[in-house]
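Asker: Here you go, sequence then predicted model.
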Amino acid sequence: MAYPYQLSDLRSDVLSRLGEPSNSRAGDLPNGTGGAAEIITAATITQYLNEAQEDLARGCYPILDYGTITVPAGTQSFALAVVSVPSGNSLWAARGLSWNNLPLQRCSHSALEVWYPTWVTDITGTPQYWFDQGEDGICLYPRPSATQTVMINGLALPKRLVEDTDAPTWLQSDLAKLLVFYAASMIAVKNAQNAALQARAPVWRQEYEAGKSELLARLWSNDPHLAGAHYSQPAESK
């Protein structure tokens, strides 16, 4: 069965919930010269739908995926953004690395400094450990002495919706409404001069946040190990 909601359907749903026509200018962004809009409503809604996708993936609905990167000899760190992911997604968190098909041990930067006080200047060799470097980077130890392809298993951000026929197939179809709630609330907020739209903003935002909270609670219940490693704990369960 085909996924029931494509990008064009989601955009139409946003306008319908806001009571706006298909040619609505509620999301137009002016070019600053008094001329035609620089970004039309359809493009603005698409941007908000993609923001919602990323927010859900990072906040409550994990996408398990993998990617590879060829690490040149002497290169000790790299950003997750440059990792090639076959699905078209992009990694935002790593869960495991393998070097030449051998798994590396995850550790912390501070632990390495305790185990190997001279770790920064240690001689190169075959990496045995890895740790997160900042929010979106990976560091290897020891510094690789040879070029090798590294496989990374982790969590991903979904492929962006671009074409009218693109669909958020990573998400259960009944949850696609959350993307619509988010986009509708953002369009409503940006129309400060329209009292009717402004009044709708809190309604859709509350629907979106309630959906996120429910998904986060479900994640902590079904997979506490994964949740504890990458997601915040629901306030009511602390």
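Answerer: Received it, and whenever you're ready, just let me know what you need.

Asker: Tell me, how many residues neighbour residue 60?
Answerer: Neighbour count for residue 60, taken as other CB atoms under 10 Å: 22. Glycine gets a C-beta too; all of them are placed from N, C-alpha and C.

Asker: surely it meets residue 210?
Answerer: No. With contact defined as CB atoms under 8 Å, residue 60 does not reach residue 210; the gap is 11.4 Å.

Asker: and whichever strand or helix holds residue 176, how far out from the chain's middle?
Answerer: For residue 176, the element it lies in under DSSP states H and E is helix 176-189. Relative to the centre of its chain, helix 176-189 is centred 17 Å away, using CA atoms, centre = their mean, to the nearest Å.

Asker: So that it lines up with my notes, have the first residue be 805 from now on.
Answerer: OK, 805 is where the count begins now, so the last one is helix 980-993.

Asker: what's it packed up against?
Answerer: helix 811-822, helix 845-863, helix 999-1026 (3 or more CB pairs under 8 Å, 6 or more residues apart in numbering; DSSP states H and E).

Asker: Can you lay out those helices as JSON lines showing mean neighbour count and mean pLDDT?
Answerer: Listed next are the helices and strands packed on helix 980-993 as JSON lines, based on neighbours: other CB atoms under 10 Å; pLDDT from 0 to 100:
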{"stretch": "helix 811-822", "mean neighbour count": "21", "mean pLDDT": "92"}
{"stretch": "helix 845-863", "mean neighbour count": "20", "mean pLDDT": "94"}
{"stretch": "helix 999-1026", "mean neighbour count": "16", "mean pLDDT": "91"}
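
Asker: Tabulate those in CSV, adding columns for distance to residue 957.
Answerer: Shown next, in CSV, are those (distance: least, CB to CB, whole Å):
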stretch, distance to residue 957
helix 811-822, 29
helix 845-863, 16
helix 999-1026, 18
